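S.K.: kindly generate the corresponding structure for this input.
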Amino acid sequence: MRREILARGEFSLLLNVLVVEDDPFVERVVIQCLREEGFASHVVHTGQEALSMSRRLKPDAIILDLGLPDISGLDVFRALHQDPTTNAIPVLVLTGNDKENQELELLMGGVADYMTKPFDVKILSARVRNLVRRNSSNAQDVQVLKRSGVSFDSRNRVVRWGETDRASLSPKEFEILFLLACESPNVVDRSTISTRVWGEPSDMLHPRSIDVHVRQIRVKLGIESPAKIEAVSGKGYRLIFC
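M.R.: Sure, this is the predicted structure:
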């Protein structure tokens with residue numbers, strides 16, 4: 001799900017960038033760069049972690065180092081590119097090994113952008129910003145999700161059903177409900193809700209933050225709404241339609 005763009009043209013902190021990098025110095029530089037741009041960053045250090053986190057988090061962009069300790073970044077990209085759940089995520093390759101024709105081959109193979117180390121942090125910031133803007137623009141046509149007679153209007157954060165029934169939600173309330181609607185009937189675990197909505201791991205949130213927001217959503221939807229949030233003990237939440 002694409003996040004909102006602020007009126008002044010910058011991106012909200014809910015935009016997630018996954019950084020796949022095993023060099024501590026480069027990691028610190030990239031994270032600082034992303035923080036200054038207002039992105040929520042998530043870091044992993046191996047290819048296997050990158051694949052797992054990409055499928056769980058579904059970030060808005062990935063910065064991928066090719067020289068990883070377990071499997072190559074190239075193999076990571078190929079796996080992401082072949083997986084229908086992750087193949088739309090733009091990938092910026094960041095590498096210290098600039099082999100002949102490597103940039104051309106990767107760009108022709110589907111990589112969204114390519115940079116070599118050492119790099120200019122301002123250029124990196126601009127390129128990540130452009131990747132996210134481009135990907136967000138591609139998703140602008142899908143602003144209303146319809147499921148089982150219920151419409152989820154992401155532009156106005158309004159849920160509609162029937163002829164006149166509607167509920168207006170706060171930004172985070174709508175993010176949670178929209179996420180559950182997109183994944184329905186599957187259960188969405190608390191960690192995924194936390195990273196997708198707040199942009200940080202669940203252990204960084206107040207223990208009751210998600211529950212309080214879910215309770216408010218239920219109140220606003222009321223008993224007449226055909227969309228019901230169901231708690232799944234020990235796992236998370238899912239949205240069902242009656």
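S.K.: secondary structure class for the residue nearest to the spatial centre of the chain?
M.R.: Per Cα atoms, centre = their mean, the C-alpha nearest to the average position across the chain is that of residue 59, at 3.1 Å. Assigned with DSSP: H, G, I helix; E, B strand; the rest coil, residue 59 falls in the coil class.
S.K.: how about the one 5 residues further on?
M.R.: Using three-state DSSP, the secondary structure recorded for residue 64 is strand.
S.K.: from memory it sits against residue 75, does it?
M.R.: No - the pair residue 64 / residue 75 is not scored as a contact, 10.8 Å apart, by Cβ atoms under 8 Å. The C-beta positions use only the backbone N, C-alpha and C, and glycine is treated the same way.
S.K.: neighbour count: those two, which is higher?
M.R.: residue 64 (25 against 14; other Cβ atoms under 10 Å).
S.K.: show me what that one is bridged to.
M.R.: Here residue 64 shows beta-bridge partners residue 20, residue 93, assigned using DSSP bridges.
S.K.: quickly note the distance from it to residue 112.
M.R.: Going from residue 64 to residue 112 by Cβ to Cβ, to the nearest Å gives 10 Å.
S.K.: related to what we said a few turns ago, contact partners for the residue nearest to the centre of the chain?
M.R.: Each residue near residue 59 by Cβ atoms under 8 Å, 6 or more residues apart in numbering is listed here: 16, 17, 18, 42, 53, 89.
S.K.: how about a cut-off of 10 Å?
M.R.: Contacts of residue 59 were listed using Cβ atoms under 10 Å, 6 or more residues apart in numbering, and they are 15-19, 39-42, 53, 86, 89-90, 132, 195-196.
S.K.: overlap in contacts, residue 64 and residue 112.
M.R.: Counting by Cβ under 10 Å, 6+ apart, the residues touching both residue 64 and residue 112 are 91, 92, 93, 106.
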